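1. missing the sequence, but the structure's below:
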């Protein structure tokens, strides 16, 4: 029981790191980015190549994955995405689906279509018992890393100059522009950072979520659920939503394996009916 | 003369104007005759290509159904495959268990089954933003896929539903191995449903849908009941999608989980975007182009054709759908003006297009 809770939390934390970039882009530019998972996949495969083929240490691979994916994100943002911000949602959906299809086929072409695993250090393998709760070492690592990231993000958002600019831009981009905040630059930075986080999440999660070329399609729904359920105006919303979904998904798959896959979609649809604007949205709407 | 609006018993100038607008636009253009004559001609001219033409026919119908909700009502759906899949499975099951042996009747039943699902889920898409609609439609399609996956004793699970034997159409024409009968059948169904759709979008109901798409708040203020219109058109589109799925199942005598896949919904969007939204022929033309393109790319790189599909999507958006739409719109407008001048007794109208 507690082990399931633990696994669920690890899974949820992972989802949070993967999806929080998406929630910011959606909140900031009202931009529907279905290709967010492609960045996560990129991070996963970069780590794979670095660790398995070049023999780099696991943590070095993770950091490089973060940096490289962030750079890729920045590049795409400046060259491609920037043309689509002011388009209709339909255009954005088409555009990002196109990117997803391209990334899936390209990775398939370069890396092959089979599922791959990143070699994790032996110190992180296996599990141990703590007060009768089986704890996987790797999952513990995920919880620690993601927890620290969430804390860090919250700190950046709440108490740095950049954070307050970002919050101002999310609240009302027009007024923020009027106050002299370069919203586009804030957005570009956030997009790059969010992509980097997704890459890190993809690399960390390869062990749990699996990594193959269809990754962006498989987990697109999960990211979107986190964002729609959590709302886009804070870090805590998506964080709680991720935990909720992670735990519900793991528990659902464990207790009712036959209906495990329904749990998550049912939760999503029910929540969207009850709270179309998100579960933890602030009263002041946009 | 059909009444365009309800209310006053005296025909006001506005009612006359609207009626005139609807009538003018409902008139058949020469290009439309050409299109359908060409479609009929393919039956005799291209007998060797009937299998791919069959695919074009049901894909066209499927795209037509998406056009009804996207092009006319402005609902973005990422899960239209849900209705397609339901129609497909129902048609296959009806034939397999010999419940309804006659394909045309089975087609209607399959469409109705999809329409029921469409009606039930239409209440979900009424609420919320574009994103919420995306999520809900996507979620519905995924749930349907999971259901089909979890009841293998009925649906055959991941292996698909095999052993389907189709009865002869109307008790007379059996499906043949070369797909000749299947193609004529699909084309006939497509044509009939197209006529119905054409009648609907050129009715006051269709006009009110465009108003809702343009601005739902304002249309509510001028007395259009937005929600009931959306529910109606969503249900209708689900029926069309179900029939398209049933056509697939009947012509291939097979149904698999693939009918619910996300790629199918996404490809469908591409089909419609290639052809253009909001004028019924968009889906049909898009289906022709898409299938030919798919056929051509798949012969070059069978495994990676998805990449090129993605590239087409990205390029279309970057160039701008409006610009492509402008080009086709210009051609259409020009052709329309030419042909309308030839048609006797019709004055060119200058009522603003409903945008």
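-> That came through, no problem. Please read these numbers as outputs of a predicted model, since none were measured by experiment. Numbering: from 1, shown residues only, chains lettered A, B, ... in the order given.
2. give me every residue that touches residue 85.
-> Let's take chain A. With CB atoms under 8 Å, 6 or more residues apart in numbering or on different chains as the criterion, the residues that contact residue A:85 are A:29, A:31. Where you see a C-beta, it was placed from the backbone N, CA and C, and this is true even at glycine.
3. ah, no, chain B please
-> Neighbour list for residue B:85: B:141, B:144, B:145, B:148, B:245, B:259, B:260 [criterion: CB under 8 Å, 6+ apart].
4. and the gap between the second one and chain A?
-> From residue B:144 across to chain A, the span is 10 Å (CB to the nearest CB, to the nearest Å).
5. same question for the last one.
-> Taking CB to the nearest CB as the criterion, residue B:260 is separated from chain A by 13 Å.
6. got a winner among the contacts of residue B:85 for most neighbours?
-> Counting neighbours by other CB atoms under 10 Å in any protein chain shown, residue B:245 leads those with 34 neighbours.
7. so where does it fall, helix or strand?
-> Residue B:245 belongs to helix B:226-252 when assigned by DSSP states H and E.
8. for residue A:266, same thing?
-> Under the criterion of DSSP H and E, residue A:266 resides in helix A:260-274.
9. what residues of that helix count as buried?
-> Using 16 or more other CB atoms under 10 Å in any protein chain shown as the test for burial, helix A:260-274 gives A:260, A:261, A:262, A:263, A:264, A:265, A:267, A:268, A:269, A:271, A:272.
10. which residues touch residue 77?
-> Unless you meant another one, I'm taking chain A. A:187, A:188, A:191, A:192, A:195.
11. I was after chain B.
-> Contacts of residue B:77 by CB under 8 Å, 6+ apart are B:66, B:69, B:70, B:125, B:133, B:134, B:137, B:265.
12. who are the contact partners of residue A:50?
-> Going by CB under 8 Å, 6+ apart, residue A:50 touches A:56, A:60, A:61, A:64, A:65.
13. repeat that for residue A:220.
-> By CB under 8 Å, 6+ apart, the contact set of residue A:220 is A:34, A:36, A:37, A:100.
14. what do you get for residue A:267?
-> Listed by CB under 8 Å, 6+ apart, the contact partners of residue A:267 are A:225, A:229, A:244, A:245, A:248.
15. mind checking how far the fourth one is from residue A:224?
-> Residue A:245 is 11 Å from residue A:224, where distance means CB to CB, to the nearest Å.
16. repeat for the last one
-> Between residue A:248 and residue A:224 the distance is 16 Å, computed by CB to CB.
17. what about the helix holding residue A:266, distance to the chain center?
-> Distance of helix A:260-274 from the chain centroid (CA atoms, centre = their mean, to the nearest Å) equals 19 Å.
18. average pLDDT for that helix?
-> Computed over helix A:260-274, the mean pLDDT rounds to 76.
19. and what of stretch A:54-74?
-> What stretch A:54-74 shows for mean pLDDT is 88.
20. is chain B contacted by it?
-> No - judged by CB under 8 Å from any CB of the partner chain, stretch A:54-74 stays clear of chain B, getting no closer than 15.7 Å.
21. next, the buried residues of that stretch.
-> Those would be A:56, A:58, A:61-66, A:68-70, A:72-74, for stretch A:54-74 by 16+ other CB under 10 Å.
22. report the two of the residues you listed separated the most.
-> A:58 and A:74 (24.9 Å; CB to CB).
23. could you work out the end-to-end span of stretch A:103-118 for me?
-> Using CA to CA, to the nearest Å, one end of stretch A:103-118 lies 20 Å from the other.
24. buried residues of that stretch, list them for me.
-> A:103, A:104, A:105, A:106, A:107, A:108, A:111, A:118.
25. quick one, what contacts the closest residue to residue B:261 other than its chain neighbours?
-> Distances taken as CB to CB, 6 or more residues apart in numbering or on different chains place residue B:81 nearest to residue B:261, at 6.4 Å, with adjacent residues excluded. Each residue near residue B:81 by CB under 8 Å, 6+ apart is listed here: B:141, B:259, B:260, B:261, B:262, B:264, B:265, B:268.
26. stretch A:163-177 near chain B anywhere?
-> No - Stretch A:163-177 is not in contact with chain B by CB under 8 Å from any CB; minimum separation 15.5 Å.
27. which residues does that stretch contact?
-> Counting by CB under 8 Å, 6+ apart, A:24, A:27-29, A:156-157, A:179, A:181, A:183, A:186-187, A:190, A:232-233, A:286 sit against stretch A:163-177.
28. in that stretch, which residues are buried?
-> Across stretch A:163-177, burial judged by 16+ other CB under 10 Å covers A:163, A:165, A:166, A:167, A:168, A:169, A:170, A:173, A:176.
29. closest one to residue B:272 out of those residues, please.
-> Distances from residue B:272 to the buried residues of stretch A:163-177, taken by CB to CB, are shortest for residue A:173, at 31.2 Å.
30. from chain B, how far out is the closest one?
-> According to CB to the nearest CB, residue A:173 stands 17 Å off from chain B.
31. per-residue confidence at that residue?
-> 78.
32. how about the helix holding residue B:245: buried residues?
-> Those would be B:226, B:229-252, for helix B:226-252 by 16+ other CB under 10 Å.
33. quick one on the thing from earlier: so of the contacts of residue A:50, which ones are in helices?
-> Using DSSP state H, A:60, A:61, A:64, A:65 are the members of these that sit in helices.
34. just flag the most distant two among the contacts of residue B:85.
-> Farthest pair in the contacts of residue B:85 (CB to CB) is B:145 and B:245. Separation: 13.0 Å.
35. how about residues contacting the lowest-mean-pLDDT helix or strand in chain A?
-> Ranked by mean pLDDT, DSSP states H and E, the weakest helix or strand in chain A is strand A:127-130, scoring a mean of 70. With CB under 8 Å, 6+ apart as the test, strand A:127-130 has contacts from A:134, A:135, A:136, A:137.
36. in CSV, list those residues along with secondary structure, neighbour count and distance to residue B:89.
-> Shown next, in CSV, are these (DSSP: H, G, I helix; E, B strand; the rest coil; neighbours: other CB atoms under 10 Å in any protein chain shown; distance: CB to CB, whole Å):
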residue, secondary structure, neighbour count, distance to residue B:89
A:134, strand, 14, 41
A:135, strand, 18, 44
A:136, strand, 20, 40
A:137, helix, 16, 45
